[in-house]
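# Just need the structure, nothing else, for what follows:
(2 chains)
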Amino acid sequence: MAAEGPEPRRYGRRVFLGVLAGGLTSFAWGPAASRMLSPLTSGGSQLLGNVFPVGGWRIYTISGSMPVFDPHTWSLTIDGLVERKLTLGYDELRRLPAAEQVSAFHCVTGWTVHGVRWRGIRLHRLLDLAGPLPSSRALRFVSTERPYEDSLTIEQARLPDVMLALDLDGAPLSRPHGAPVRLVIPEMYGYKGVKWLERIEVVADQPTGYWENLGYDQDAWVGRSNGYG
Amino acid sequence: MAERRRLLRFTRTERTLHWVHASAFLVLLASGLALYLPSLAELVGRRPLLKDVHVYTAVAWAVAIVAVVVAGDRRSLRRTLHELDVFDRDDRDWLRRRKAPQGRFNAGQKVNAAITAAFAVLFAFTGTLLWLGERDTRFRFAQTILIHDWLTQVSLALFLGHLYLAVIHPGTRHALNGMTRGWVDADWAERHHEKWSRGFRLQDGSRAGLGPVERDEHAERQRQAFDLEG
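So this is what the prediction gives:
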């Protein structure tokens, strides 16, 4: 059966071991390669990013279905330990002074989207509108997607790049991204950024959120929590 | 009219192994994509259920592969492994896109088999890490999901190519018969796997008085079982 000429070579195992070695060493070179490839997709069209999300978004829900946003009935409530309870409709929220920022989005499961362009309301401004009472220590963010909620301390919430985002990359938040408004805190992993936000309760004791109940860290600093760093 | 000769290309064990792997791959691909692609994730939802399907299918896959190897015809598998491993000059010519007679597997099939096997190991490894990482942060690495994704994307491309050659491409799709019923037409084998089919022809020749031909026992068993002329 052997062909004439040079003796047969065992290329099969070489291919097998080579691919295996390439895959295992990619734990070292993978992130760099991903950073090179990432602009091709996450920076490109939304459609391409959806079909081929190298370094793009991945959407997680906890309930299996995403809340539907109706601009006529929707409102955001800010209550609890505040001087003025606020109930803002979508148009009212839109009329507040908006800020824009470009920041990276880090998911605790390991993926990152760089250069995300957010536009929305600075949380500290909104907080000042409601006027937190001296006894307040934390904010509880409640999602329309039950039972998702999470929290930040007042100090964390007042970080300058924390916002309630209404727009993502120049367009209103889509349903998968938490329409109409989500919390954005770039220094922390994405599970802190409650989507489909409908209520912010100002409280004295920081509650335990959905993922924190499942063992995630309360202070979800990127690179310094949840086993990283 | 002479009866059409049929040559056994894949033993029952080989076929079982292929279809165990293929069906697990399809379920894993479907559930994985529904977890992974934002648009599909939105459409399907039910993430916890899909995750269970994905994880349990992976476990079932591993168990089934081991079971087939343990309970099946291990001699034929060892022989197949050897055939896949060895590339002769014809294989190297074939890879350089020169016309060269091929054995039971052409060089492309050998490369595909090696990549598929390596990917299976890498999938299992990164998948286990992902599973562990959800339970213990010491096992959570930022790269794991990235690598699992890349494997998926490359596998998807390989799978589509494989599907095209096995189901659509007119010249090669007869090969599917070898993987479903085990046998292929001798004429087709002569064109696509000449060196392999030559083994059968020579064996026939030996009966016609051309003298004994050195043969591997694997092909011998194939001939006895399936060569309908015999």
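
# C-alpha only now, for contacts and for neighbours.
Noted.

# pLDDT score assigned to residue 152?
This is for chain A. At A:Leu152, the model reports a pLDDT of 98.

# actually chain B
91.

# separation between A:Ile154 and A:Gly131?
Distance of A:Ile154 to A:Gly131, computed by Cα to Cα, to the nearest Å: 12 Å.

# And B:Thr128, how close does it get to chain A?
To chain A, B:Thr128 is 14 Å away according to Cα to the nearest Cα, to the nearest Å.

# Assign that residue to helix, strand or coil.
helix (DSSP: H, G, I helix; E, B strand; the rest coil).

# what's the burial count for it?
16 (other Cα atoms under 10 Å in any protein chain shown).

# any idea how far it is from B:Phe25?
B:Thr128 is 16 Å from B:Phe25, by Cα to Cα.

# Pop the domain breakdown of chain A in here.
In the assignment given by automatic domain parsing, the structural domains of chain A cover A:10-55, A:57-213.

# Need the winner for burial among those domains.
domain A:57-213 (a mean of 19; mean count of other Cα atoms under 10 Å in any protein chain shown).

# Report how many residues lie close to B:Arg191.
Summarising burial for B:Arg191: neighbours were counted as other Cα under 10 Å, giving 13.

# Going along the chain, name the strands of chain B.
Listed in chain order, the strands of chain B (DSSP state E) span B:6-8, B:183-185.

# I'd like to know which elements the last one is packed against.
Contact analysis of strand B:183-185 by 3 or more Cα pairs under 8 Å, 6 or more residues apart in numbering or on different chains; DSSP states H and E lists strand B:6-8, helix B:175-180 as its packing neighbours.

# For chain A, find the nearest of those.
Among the helices and strands packed on strand B:183-185, the nearest to chain A by Cα to the nearest Cα is strand B:6-8 (16.9 Å).

# Look through chain A and tell me its longest helix.
Ranked by number of residues, the top helix in chain A under DSSP state H is helix A:11-41.

# Show the average pLDDT along that one.
Here the average pLDDT along helix A:11-41 is 83.

# Need phi/psi at A:Gly115.
Main-chain dihedrals, A:Gly115, degrees, to the nearest 10: phi 60, psi 40.

# Do I have it right that it meets A:Ser103?
Yes - A:Gly115 lies in contact with A:Ser103 (Cα atoms under 8 Å); the separation is 5.3 Å.

# ok, the closest residue to B:Ala166 other than its chain neighbours - how many residues close by?
Among residues not flanking B:Ala166 along the chain, B:Arg173 sits closest, at 4.4 Å (Cα to Cα, 6 or more residues apart in numbering or on different chains). Residues lying near B:Arg173 (other Cα under 10 Å) number 15.

# Which parts of chain A are strands?
Under DSSP E, chain A gives strands at A:75-80, A:86-89, A:99-106, A:112-122, A:138-143, A:149-153, A:163-168, A:171-172, A:182-184, A:197-203.

# Of all the ones you listed, which one comes closest to A:Leu24?
Nearest to A:Leu24 among those is strand A:112-122; the distance by Cα to Cα comes to 20.5 Å.

# tilt between the closest one and strand A:99-106?
In terms of direction (axes from the mean of the first three to the mean of the last three Cα atoms, to 10 degrees), strand A:112-122 departs from strand A:99-106 by 150 degrees.

# Residues in contact with strand A:112-122: which ones?
Contact with strand A:112-122 is made by A:38, A:42, A:55-57, A:93, A:96-106, A:160-170, as judged by Cα atoms under 8 Å, 6 or more residues apart in numbering or on different chains.

# So is stretch A:141-151 next to chain B?
No - Stretch A:141-151 does not reach chain B (Cα under 8 Å from any Cα of the partner chain); its nearest approach is 12.5 Å.

# Just the CA coordinates for that stretch, please, in CSV.
Taking C-alpha atoms only, stretch A:141-151 is exported to CSV below (Å, rounded to 0.1, in the frame of the first residue of the first chain):
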residue,chain,number,x,y,z
PHE,A,141,-31.1,49.1,41.2
VAL,A,142,-34.1,47.1,40.3
SER,A,143,-34.6,45.6,36.8
THR,A,144,-37.9,44.9,35.1
GLU,A,145,-36.4,41.5,34.5
ARG,A,146,-37.3,39.9,37.9
PRO,A,147,-35.6,39.1,40.1
TYR,A,148,-32.6,40.9,38.8
GLU,A,149,-31.2,43.6,41.0
ASP,A,150,-27.9,45.0,42.1
SER,A,151,-26.5,47.8,44.2
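
# Residue ranges in chain A under the pLDDT threshold?
A:1-6, A:35, A:37-56, A:64, A:109-110, A:228-229 (pLDDT under 70).

# 90 instead, please
A:1-9, A:26-67, A:104, A:106-115, A:174-176, A:211-217, A:223-229 (pLDDT under 90).

# Name the residue closest to the centre of it, please.
A:Gly190 (3.2 Å; Cα atoms, centre = their mean).

# Please verify my assumption that it contacts A:His106.
Yes - A:Gly190 lies in contact with A:His106 (Cα under 8 Å); the separation is 5.9 Å.

# rewinding a little: how about the residue nearest to the centre of chain A: what's its closest non-neighbour residue?
Using Cα to Cα, 6+ apart, the closest residue to A:Gly190 is A:Cys107 (4.9 Å).

# give me every residue that touches that neighbour.
With Cα under 8 Å, 6+ apart, A:Cys107 has these contacts: A:189-191.

# what's the answer for A:Arg94, then?
Counted by Cα under 8 Å, 6+ apart, A:Arg94 has contacts A:Leu166.

# Quick check: the gap between it and A:Ala179.
13 Å.

# Over to A:Leu76?
For A:Leu76, the distance to A:Ala179 - Cα to Cα - is 12 Å.
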